[in-house]
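Trainee: Sequence and predicted structure, then a few things I'm wondering about:
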Amino acid sequence: MTPLKVAALIPAAGSGTRLGQGPKAFVQVGGRTLLERSVAALAGHVHEVLVALPAGMELPKGVQARAIVGGQTRQESVLRLLEASGADLVLIHDAARPFLSADTVRAVLAVLEQTGAATAAQPVADTLVRADPFQADGTLWDERVERAGLWAVQTPQAGRRDWLLSAHRRAETEGYSATDDAGLLHWAGHQVTLVPGEASLFKVTTPGDLLLAEALAAVWDARRQE
Ligand SMILES: Nc1ccn([C@@H]2O[C@H](COP(=O)(O)OP(=O)(O)OP(=O)(O)O)[C@@H](O)[C@H]2O)c(=O)n1
Ligand SMILES: C[C@](O)(CO)[C@H](O)COP(=O)(O)O
């Protein structure tokens, strides 16, 4: 039997508005861009790596991947990546989550091979509250949200490429937007398995996250040289 081909698809075409330092995938932590870190975390586990970049940008020197131009939204960038890949199975991973361990990649891949749809996620640890929607600045406590059973969804998100393509194309036709791909698979009727991720997989979104990322990079890189 032919072994299934697996690709890593990395949406990296965002503008990094909330971070405010230009296209976020090209921002450095510990001397390496977020994009280089994300590609390096996946390259050894897959047959090919595809990256969606902002128009007019090129891959940083030395990054072994195939680049395409991304879209206006993350969803659009992922659809372009899915269409550009010829793989059977894909791992979709935000460039903005640079601290991805080999253990998590292996865990997501193992569940993907068994079920066809999986995502890294973390059980929520904080108390959750909905703010009063009718109060002007949205800072008034309205009601506590039951935390039991809630998970915060991370990446990598993994699926059969044919399922993802069909969910993405249907969403495009129907004008449905989702903030992630596992959510689209679920919307399209597939069961998605939650695979415990890790705290280090946080998304670098705001300037505060970048400070955390700088601090973590030193420890992360030292651990890999031991
Ligand atoms: N049109 C877009 C928008 C986002 N992304 C990618 O999707 C991931 C998650 O997006 P996010 O963290 O929101 O990044 P930005 O869109 O860059 O951030 P912001 O929303 O603050 O502008 C990132 O790796 C980002 O590069 C993408 O490929 N194409
Ligand atoms: C895909 C994602 O990282 C899962 O948590 C998240 O939904 C991306 O959201 P963003 O607003 O595009 O950063």
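Mentor: Nice, I can see it. Numbers count the residues shown, from 1 in each chain. Ligands and ions are numbered 1, 2, ... in the order given.
Trainee: does the strand or helix carrying L212 come close to ligand 1?
Mentor: Following DSSP states H and E, one finds L212 within helix 207-225. No. Against ligand 1, helix 207-225 shows no contacts by C-beta under 6 Å from any ligand atom, the least distance being 9.5 Å. (C-beta placed from N, C-alpha, C; glycine too.)
Trainee: Please name every helix or strand in contact with that helix.
Mentor: strand 28-29 (3 or more C-beta pairs under 8 Å, 6 or more residues apart in numbering; DSSP states H and E).
Trainee: same question for the strand it packs on, mean pLDDT?
Mentor: Strand 28-29 comes out with an average pLDDT of 98.
Trainee: ok now it, how far from the chain's centre?
Mentor: Mean-position distance between strand 28-29 and its chain equals 18 Å (C-alpha atoms, centre = their mean, to the nearest Å).
Trainee: Please identify the buried residues of the helix or strand of the chain with the lowest mean pLDDT?
Mentor: Sorting the helices and strands of the chain by mean pLDDT, DSSP states H and E puts helix 207-225 at the bottom, at a mean of 94. By neighbour count on 16 or more other C-beta atoms under 10 Å, the buried set for helix 207-225 is D209, L210, A213, L216, A217, W220.
Trainee: next one: that helix to chain centre, how far?
Mentor: 18 Å.
Trainee: now stretch 117-132
Mentor: 16 Å.
Trainee: close to ligand 2, is it?
Mentor: No. Judged by C-beta under 6 Å from any ligand atom, stretch 117-132 makes no contact with ligand 2; its nearest approach is 7.9 Å.
Trainee: Show me which residues of that stretch are buried.
Mentor: Buried, per 16+ other C-beta under 10 Å, within stretch 117-132: A117, A118, T119, A120, A121, Q122.
Trainee: export those residues to CSV and tack on pLDDT and secondary structure?
Mentor: Output for these, formatted as CSV (pLDDT from 0 to 100; DSSP: H, G, I helix; E, B strand; the rest coil):
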residue, pLDDT, secondary structure
A117, 98, strand
A118, 98, strand
T119, 99, strand
A120, 98, strand
A121, 98, strand
Q122, 98, strand
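Trainee: Please produce TSV containing those residues, extended by distance to S101.
Mentor: Below are the buried residues of stretch 117-132 laid out as TSV (distance: C-beta to C-beta, whole Å):
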residue	distance to S101
A117	21
A118	16
T119	16
A120	10
A121	15
Q122	13
